[in-house]
Each structure stands twice: as C-alpha cells, then as structure tokens.
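**Student:** Need the 3D shape of this:
(4 chains)
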2 protein chains.
Amino acid sequence: MARRGEVLEFAVLGLLNESPQHGYELRKRLNAVLGSWHSISYGSLYPTLRDLVGRGLIIEDQPAPNEPGAKAGPAAPALAGRRAKIAYRLTADGKEHFQQLLGDAGPAAWEDDRFGVHFAFFSDTAADVRLRILEGRRTRLEERMATLRSGLTRTRERVDSYTLELQQHGLDGVEREVRWLSELIATEQDNRGPRDGAPTNESDQGAQRLGRSATGNRPSAPTAR
Amino acid sequence: MARRGEVLEFAVLGLLNESPQHGYELRKRLNAVLGSWHSISYGSLYPTLRDLVGRGLIIEDQPAPNEPGAKAGPAAPALAGRRAKIAYRLTADGKEHFQQLLGDAGPAAWEDDRFGVHFAFFSDTAADVRLRILEGRRTRLEERMATLRSGLTRTRERVDSYTLELQQHGLDGVEREVRWLSELIATEQDNRGPRDGAPTNESDQGAQRLGRSATGNRPSAPTAR
DNA sequence: GTTAGCATGTAAGGAGTTACATGATTTT
DNA sequence: AAAATCATGTAACTCCTTACATGCTAAC
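**Tutor:** Model prediction:
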C-alpha cells in the first residue's frame, strides 16, 4: 500500500489543517517546518498527496474551471484551463486522523525524526500532551547522554584526539538539547501552574511567552565574537 | 555498478587502513565513528564489502583453519571450521584510493554527511587539508546561519511561538557549530604557527592538544575530567 | 545440551532523490 | 516574444533497513 513516510504525511496533514493549499506552496512551507536540513522534493510530495487522496484523508479542490471540459477547454483568464492548480484540503476523516496523531504522546513522538514534526504543531496540541512529549524526549536524550558519556570515559586515551573531540562535541550537543527541553518544560509548567489541570481552551495560551530569557547560550553579539 | 554509499565506503576503508578486521567487528567500530545517530546494518555493510572486494580495493583474508591470527581477544579462541571469520584488509589500490579520499579538501568534504567521516580520519589527514576542510565547513555553516537569520526576521510575529522557538533553536545550534569550528581552526593554526607551512611528518602533532579550554559551553565539570 | 552471542549473508522493500517531461502564468 | 517562475507529475535509481536464514562457538 505504498505506505508513504509517516513524518511527511503528518506534516502535510498539519499544514493542510491550517489552510488548504496546493502542492507547490505546500512544499515550501514543508521545508520550513521540517527544518532547513532535509528538503522534500516533488518526487516525494506528489505521490504522498496522491496516497492521502486515495485513503480519503484529503481531497483535491479543483478551482472550478469555467467549462469543466476535460481536455480542450479554452483557456479562460486567471484560474481556468486544462491544468489548473490543485488545492488540497482535509476531509472530515483527515481532520480526525490528524487530531489522533496530535494526541499521540507515546514513544514514537519522541523519536529523533518524529519529535520535530510534533513540536512544529504544538500550538494545536493539548497542553498535557505537549508536556509528556517534552519529558519523554528529554528522558530519551538523557539516556543517550549516559551512553555517550560512558563511551567517552571508556575510550579516553585509547583513540586519537580528533575522534575524542568529535565524541565530546556530540555529547555537548545532546547536553545542550536537554537544557533546551528543560527550559521548555519549565515554561509549560509555569503557565499551567496556578490554574491547575483544567485546560483553558482548545489552542490555549502557554505558547505566548516562551521568552528566551536567560538561556546561557547566545550571550551577546552573535557573529562578531 | 551498485555504487554503494560513499560515506560508508570511506569509513570502511579508513577503519581497514588502521587494521584488518572482519565484518562484525567493523560494524561496531563503524557505528562509533559515524556517530551514535545512524547505525549501519549488516544488510548494508556486507554488500559494501563485497563491492569493495569486487573493485579490488580490499581483499578477504581467510585465516588458515587451525592457525589463529593472533586475535587480541579476552581469551585465545582456537577458531577453525569451514565458516571462519573473514578478515578484510586493504590492497595497495585500496590504500591509494583511501589516501586520495583523504586528500580531498573540496566542497564534497564539507557537506553535512561527508564532513563527519573526514573529521573522523583527521589524524591521517595532512594539516593543510584539515584546515581547508574546517574553513570550508565553517563557511558553509555561516551561509546557512545567514539564511536562517533572515528567515527568522522575516517570519517573526507571523508564525506561532513554537515554530519560532524551533527555528531559533536550530539557529543556536548552527551558531554553536560555527564556534566549535572556529576553535578547532584556531588550534590548528596555533600548532603550525611558528613553524610555517612545512608539514612536520605524516601523522603530525597538532591533534595532541585540542584542549577544550575556554569553550563557553559546558560551564562546570561534566564527567570529572 | 541448550541458550546466548558471534559471524556472515540474502530478499524484499521503504523512503526518499535526481532527472526528466510538460504546461501555465507572470515579468521583462 | 522570450525568459523566469509557478506548478504538476513520472521513472529510475540510491541507499539503507527489516526480517529472515544459516552456522559456529562459548558458557551455563
């Protein structure tokens, strides 16, 4: 069944949940959401869209041509013609499916590849789910930190300096990630702190002031060090 | 021609350049060298080995049945039998090819995927090549930093806080990477500073004291170094 | 004498990319 | 009218993983 990439699928549903769009537009937004690292290509996007259509999660919204002539319609100005833009939007099933994905706070949500997408749609995610994902992610990274650290103390003096440097740099990176998550978690807890567990409303506050105050990194001028 | 992954191939050649090994061992070392992130599977490794054999870069060294090949193991296993371990080692061609890969300081060497492997074998790399790779890498990342920054100032206030936070975090990460590279570059230049351009010897000093002195991150004692 | 771990391999397929092919719209 | 850019799509291929299949050796 072609089982197209789950991350890509999730991201597409999320973007279409915000507003209907056509493929070309979608791709650009996608590359922003999924980070600057790996950029999705059309050869990947369009088959995914077709797959989602096939499963009834999205539908193609062909902006009504003047004459729905399948082939030979005369090109009316603006948005008619034989090869019009295809705007995709979520079906009811698609919305439901997306909400279900959003609600998933299980281990899958804090894997390396998945976490980014989940985070990208945190504004649409329930506060408690956000918190559990952040904490799960942090635990996962703390485990990795422990592994890296023991690896480092074991191999110290046994490998050359560059390898050591690389491993240390990797460890530093993970530590930085953990600090970041801890800040986010603290912010989340602060914001729901006094008000107790009751969620205020659907897309609640809490995202409004993730002030990047005393982070520790980025001390002053960014480039001119 | 099956053109197996270039990174994997490079790493295998590099490890076999250090010492002949068999596949199982190789895989573990590989996962250390390539970082904890993506771990190579046998389904990937063995075909690569076969490919390298086919191209005459490595050969299979089947240890003679009742002659143990001086295995430096916990105990001395008398290994015999029809299905013995296959130790791979570089041929003359393989050594030459690896040296050629090591000498490449071109753009390919500072791509995301390639840089790590190049760095892992820096001890075997000429000092000037090291420097050019580090500087190229830094330039690449500075470009990315600029892109991210302009993206951030453009979209600020237009996207939700979580997306912003994610983008800012990504930018911070790249900045950190650039600082790291700058330190490494400074160290490299210090070490060859007085002595001018003449390389001292094959696997020269310079890697010996990459002191992670005043890095700025890792404020206190991480492991008790 | 059976479990656990070492060791080598293969077949199928997943997740994407590149390169190509085409057409529509806007800008110069 | 040419060029650039927007827009959609396909075929072939790459690189890697999963799951399987096999057999050897050490330890309990």
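**Student:** Contact residues of chain A facing DNA strand D?
**Tutor:** A:22-25, A:42-43, A:46-47, A:49-50, A:83, A:85-86 (CB under 7 Å from any atom of the strand). (Each C-beta comes from the backbone N, C-alpha and C, glycine too.)
**Student:** quick one: is stretch A:119-139 near DNA strand C?
**Tutor:** No: Stretch A:119-139 is not in contact with DNA strand C by CB under 7 Å from any atom of the strand; minimum separation 14.5 Å.
**Student:** Same question for stretch A:104-114.
**Tutor:** No: on the criterion CB under 7 Å from any atom of the strand, stretch A:104-114 is out of touch with DNA strand C, staying 7.6 Å away.
**Student:** what comes up buried for that stretch?
**Tutor:** Buried residues in stretch A:104-114, counted by 16 or more other CB atoms under 10 Å in any protein chain shown: A:D104, A:A105, A:A109, A:W110, A:R114.
**Student:** Quick one: distance of it to the chain centre.
**Tutor:** Chain-centre distance of stretch A:104-114: 11 Å, with CA atoms, centre = their mean, to the nearest Å.
**Student:** quick one on the thing from earlier: overlap between the residues of chain A next to DNA strand D and the residues near chain B?
**Tutor:** When CB under 8 Å from any CB of the partner chain is applied, no member of these is adjacent to chain B.
**Student:** which one of the residues you listed is nearest DNA strand C?
**Tutor:** Nearest to DNA strand C among these is A:G43, at 2.2 Å by CB to the nearest atom of the strand.
**Student:** ok, the closest one to B:G14 distance?
**Tutor:** Remark: distance between A:G43 and B:G14 (CB to CB, to the nearest Å) = 33 Å.
**Student:** Looking at those two, which is more packed in?
**Tutor:** Between A:G43 and B:G14, B:G14 has the larger neighbour count (other CB atoms under 10 Å in any protein chain shown), namely 21 against 7.
**Student:** Pull out the buried residues from the longest helix along chain A.
**Tutor:** Of all segments of type helix in chain A, defined using DSSP state H, the longest is helix A:161-192. Across helix A:161-192, burial judged by 16+ other CB under 10 Å covers A:161-178, A:180-181, A:183-185, A:187-188, A:191-192.
**Student:** Could you do stretch A:50-61 as well?
**Tutor:** For stretch A:50-61, the neighbour count (16+ other CB under 10 Å) marks A:D51, A:L52, A:V53, A:R55, A:L57, A:I58, A:I59 as buried.
**Student:** again with stretch A:86-95
**Tutor:** Judged by neighbour count (16+ other CB under 10 Å), stretch A:86-95 contains these buried residues: A:I86, A:A87, A:Y88, A:L90, A:T91, A:G94, A:K95.
**Student:** Next one: the residue nearest the centre of chain A relative to DNA strand D, how far apart?
**Tutor:** Relative to the mean C-alpha position of chain A, the nearest C-alpha, by CA atoms, centre = their mean, is the one of A:V117, at 1.7 Å. For A:V117, the distance to DNA strand D (CB to the nearest atom of the strand, to the nearest Å) stands at 19 Å.
**Student:** Pull the contacting residues for that residue.
**Tutor:** Applying CB atoms under 8 Å, 6 or more residues apart in numbering or on different chains, we find A:V117 in contact with A:V7, A:F10, A:A11, A:G14, A:V33, A:L34.
**Student:** now the helix or strand where it lies, how far from the chain's geometric center?
**Tutor:** Assigned by DSSP states H and E, A:V117 belongs to helix A:112-120. Chain-centre distance of helix A:112-120: 4 Å, with CA atoms, centre = their mean.
**Student:** go on, stretch A:86-106?
**Tutor:** Averaging C-alpha positions (CA atoms, centre = their mean) puts stretch A:86-106 14 Å from its chain's average.
**Student:** hmm, who's touching it?
**Tutor:** Stretch A:86-106 has contacts (CB under 8 Å, 6+ apart) with A:10, A:13-14, A:16-17, A:20-23, A:26, A:49, A:52-53, A:56-63, A:118, A:121, A:124-126, A:128-129, A:132-133, A:136.
**Student:** Could you report the separation of the one residue in chain A that gets nearest to DNA strand C from A:L52?
**Tutor:** The nearest approach of chain A to DNA strand C comes at A:G5, 1.6 Å away (CB to the nearest atom of the strand). Taking CB to CB as the measure, A:G5 and A:L52 are separated by 12 Å.
**Student:** same deal with A:L184?
**Tutor:** For A:L184 relative to A:L52 (CB to CB), the value is 31 Å.
**Student:** where's A:L148, which helix or strand?
**Tutor:** helix A:127-155.
**Student:** mean confidence for that helix?
**Tutor:** For helix A:127-155, mean pLDDT rounds to 90.
**Student:** For it, name the packing helices and strands.
**Tutor:** With contacts defined as 3 or more CB pairs under 8 Å, 6 or more residues apart in numbering or on different chains; DSSP states H and E, helix A:127-155 has these neighbours: helix A:112-120, helix A:161-192.
**Student:** Turn those into TSV, including mean pLDDT and distance to A:S150.
**Tutor:** Supplementary listing: those in TSV, determined by pLDDT from 0 to 100; distance: least, CB to CB, whole Å:
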stretch	mean pLDDT	distance to A:S150
helix A:112-120	91	20
helix A:161-192	92	11
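**Student:** All good on my end, thank you.
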